[in-house]
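Participant: here are the coordinates; sequence isn't available:
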C-alpha cells in the first residue's frame, strides 16, 4: 500500500493537491464570509419579528441519548494491513459514532478503542455485487469489460460493506442472514443520523455555511440537493473540494496505473483515500481560521445592525420591490408552464410513503404500550414497570424495531425516480433520510410525553390497582397529541420537499436571462448596508415567492383528503393542554431507580407474586441476540454457532420467541388461555367499559378477609387471585373489543352458572415467531 501511494503521490503531486485545494477553499470561504453577516442580520431580525408557529402538543426531549449506548455486538472486520479477518466488538455510542475493541472484555475494562468510524456520507451494502457495481461506476477511464471478481475474499456470504466515494471502505462479515439484517439496520441508522445536516441550534453558523455551499455549487452550474451535504462543516467542505479535485487528479494518475483492471481499481481506492486525508487536514486548519475571524467580527457587526435594523429592512424591501418587477413575470411564467402542472404528482409521490411511515410509528407505539399494560398486570410491584419503561425510552433509537417504519419511507425512491430526470435533482435519498429522521424524532417526543405524564400520575397516586387504567388513559391522551403533531410535521415536510425540488429547477431556468442584469441592482443598496443585503439572496427570495403560493395551496387541498389523515390548517390546538407545558423542563426519568425505591418501600410477598404470575400468560420475552465466537479464521467458519444471551430473568435457557400481536383479536386469542367454571354473585352486573374491559360499576358493599387480595386488583380487570381460576372472553365484551381498535389487553369469559366447583385447566398456546430485535445495552 505504501509503495502505491509513494509512487503515484510524489512530491510534485502533493504540491499540486495542496495548491489546488487552497484555491478551491479560497473561493468557497469567500462565499462564507459574505453570507455570515447576512445570517447574523436575519437572526436578529427574526428575534424581533418572530410571531411563532403552531405550538407542538408533544414534549421534546432535550438530551435523548445522554450517556447511553445504542447498540453493541461482535463482527468480523477485514484488516487491510495483514489481509486477514478479525473478530472485534463494536459499540454504537450516543453520538452515532462506531468504535471497536479487540473484545468485549477490553470494553468492560475501559480500555481505549482500536479505532473509530464516522459513517457520514457512507452507503451500506449487503452484497459484493452491489459493491462492485459502485466501484465500476466510480472508476475513471475504465476500458474494457468491468471486473466482476471481488478483491476481498469473504469468509461467509453474509457481508456488510460501508462504501464512500472518497473515504476508506470498511468490510464486515457475520455468520447468519439474521445477524446481517440486524447490522445493516444499525449502520443505516448511523448513516441516517450523521447525514441529517448541520445543527439547527447554531442560528448564524449553520445558515451561513449552508447558503455558502449552495451558492458556490450554483456558481459551478450545479443546482439542487447534494448527497454529500453530510457530516460536520469540515467533512462537507472536504467533500466539496474532493468533488472538484478528484477528476483532475484522475486524469493525471489513472492512466499511469499498471496491472489488471482488478489491481488498478484497488490502487485507485488507496490513492483516493490518501488524497482525502490530505485535503481534510488542510480544510480543517483553514475552516477554523475563517470561523475565528468571523466570530471576532461578530460583536462589531451586531453593533451596526441593531441601531439601524429598521433602515436595513426598509432598504432591503426597496431593492426587493425593484427586483420583483423585473423577475416576477418571468418566474410566474416558468411556474405556470413547467412547475405548476407537476406539483400534484410530486405531492402524491411524497404523501403515500410518508403517511404510511407515520402510521407505522403510531402502531408501533400503541403495541409497545399494550404490552407494557399487559405485563404490568402479570408482575407484582412497580419495579418491572420501571424495566419496561427503560426499554420504551430507547424505542425510537432501536434500529431493528424502527426498521418497519423506515421501510415505508424507502418507497419514496421509486416514486420520485420518475420526477428526478425532469427536475434534475441529485437523488431521492435526501428526502428519504430526512423523512426517516422525522419519524424517529416524533416517536421520541411521543415516548417522552408518555413518560412524563405517567411519572406524574404515579407520583400523585401510588395505588397499584389503578396502574392499568392509568396507563391506558395516558396512552389515549398521548395518541391524540401524536395525531396533531404528525399532521403538522408531515405538512411541513411536504412544503420543504416541494421547495427543494422546484426552486433549483426555477433558478437554473431563470439564471441565464437574469444573471447579467442582477449586478445592476447592487447600486440601490447603501454602502453601509452592503454587508447585510445581497442581491443574489433577494433574487432567490423572489423566486421562492413565485411558487410558494401554489405549493401552500396544494398542501392545503391535500389536508382535506381523508386518506392522508391530515388536520386542516383551521384546526389549532395550541395551548389546549397548559398543564403539559409545565413538564417540558423536566429531566429524563431513571425508571429503574425510581421504581426500585418505591418497590422497596412496599414489598410484596413471594407467594402472592407466584399466584399472580400463574393467572396470565406473560408476553415479555428476552431479545435473542447471537454473535460469533472468538475463533481463528483459518478454521471452518461455517461451523460457528450462535450464542443466546442470558435473559433478564437470569436463566441460561434460550427464550422462546413470541410474536407481538398485531391486532386486538390476536391479543384476545393469546390471552384466552383457558375456560373455567365458577360462580358469581347474582347481584353483580357486568358492564363493558369504553376501552373494551369488563368491570363492575358498583363497589362491593362488604368484603371478607379472604377477598382482600382480590380488592387490591384493578376494578376494571376483575381477576381472581385463586391460582385455580382462569377467565375467558364474554360474547358482549368480545363484540365490543372488535369494534374498538384501542381496546385493552385483558378480557374475560362469561361465567357459567352450571357448576360451583373452583377448578380450571390452563392451556397455554404455542409460541409464535418473534420479530427480529437488536441488542440493546443499558446505561453503563
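Facilitator: That came in fine, so what should we check first? Model, not experiment: these values are computed from the prediction.

Participant: Quick one: name whatever helix or strand follows the longest helix anywhere in the chain.
Facilitator: Secondary structure assigned by DSSP state H gives helix 467-514 as the longest helix of the chain. Remark: after helix 467-514, the chain's next helix or strand is helix 535-560, criterion DSSP states H and E.

Participant: Measure how that following helix sits relative to helix 467-514, angle-wise.
Facilitator: Per axes from the mean of the first three to the mean of the last three C-alpha atoms, to 10 degrees, the angle that helix 535-560 makes with helix 467-514 is 140 degrees.

Participant: Okay, buried residues for helix 535-560 please.
Facilitator: Under the neighbour-count criterion of 16 or more other C-beta atoms under 10 Å, helix 535-560 has 535-540, 542-544, 546-548, 550-551, 554-555, 558-559 buried. Using the backbone N, CA and C atoms, a C-beta is placed for each residue, glycine as well.

Participant: Does anything pack onto it? Which helices or strands?
Facilitator: helix 309-334, helix 343-378, helix 467-514 (3 or more C-beta pairs under 8 Å, 6 or more residues apart in numbering; DSSP states H and E).

Participant: any idea of the mean pLDDT for that helix?
Facilitator: The average pLDDT within helix 535-560 is 90.

Participant: where along the stretch 201-350 of the chain do the helices fall?
Facilitator: Using DSSP state H, counting those that start in this stretch, the helices found in the stretch 201-350 of the chain span residues 205-219, 233-253, 261-305, 309-334, 343-378.

Participant: looking at those, which is closest to residue 100?
Facilitator: Among the helices of the stretch 201-350 of the chain, helix 261-305 comes nearest to residue 100, with 18.5 Å by C-beta to C-beta.

Participant: which strands and helices sit next to that closest one?
Facilitator: helix 2-8, helix 11-49, helix 128-138, helix 233-253.

Participant: Show me the shaky parts of the stretch 251-400 of the chain.
Facilitator: Where the stretch 251-400 of the chain drops to pLDDT under 70, the residues are 379-383.

Participant: just checking, which of the helices and strands packed on helix 261-305 sits deepest inside the structure?
Facilitator: For the helices and strands packed on helix 261-305, the largest average neighbour count (mean count of other C-beta atoms under 10 Å) is found in helix 233-253, namely a mean of 19.

Participant: Show me the contact partners of that helix.
Facilitator: By C-beta atoms under 8 Å, 6 or more residues apart in numbering, the residues outside helix 233-253 that reach it are 8, 13, 16-17, 20-21, 24-25, 28, 118, 120-121, 140-141, 165-166, 198, 205, 209, 213, 216-217, 220, 228-231, 268, 271-272, 275-276, 279-280, 283-284, 287.

Participant: Quick check: the gap between residue 73 and residue 134.
Facilitator: Per C-beta to C-beta, to the nearest Å, residue 73 is found 26 Å from residue 134.

Participant: Just the buried residues of the contacts of helix 233-253.
Facilitator: 8, 13, 17, 20-21, 24-25, 28, 118, 120-121, 165-166, 198, 205, 209, 213, 216-217, 228-231, 268, 271-272, 275-276, 279-280, 283, 287.

Participant: Contacts only, for the closest residue in space to residue 22 that isn't next to it in sequence.
Facilitator: Nearest residue to residue 22, sequence neighbours excluded (C-beta to C-beta, 6 or more residues apart in numbering): residue 282, at 7.3 Å. By C-beta under 8 Å, 6+ apart, the contact set of residue 282 is 18, 21, 22, 25.

Participant: got those as TSV, with distance to residue 510 and pLDDT columns?
Facilitator: Compiled in TSV, the contacts of residue 282 are given as follows (distance: C-beta to C-beta, whole Å; pLDDT from 0 to 100):
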residue	distance to residue 510	pLDDT
18	38	95
21	33	96
22	33	96
25	29	97
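
Participant: Can you pick out the most distant pair from those residues?
Facilitator: Spatial extent of those (C-beta to C-beta) is set by the pair 18 and 25 at 10.6 Å.

Participant: tally of neighbours for residue 514?
Facilitator: 18 (other C-beta atoms under 10 Å).

Participant: From what I see, it and residue 329 are in contact.
Facilitator: No - using C-beta atoms under 8 Å as the test, residue 514 is too far from residue 329 to be in contact (11.4 Å).

Participant: I am finished for the moment; much appreciated.
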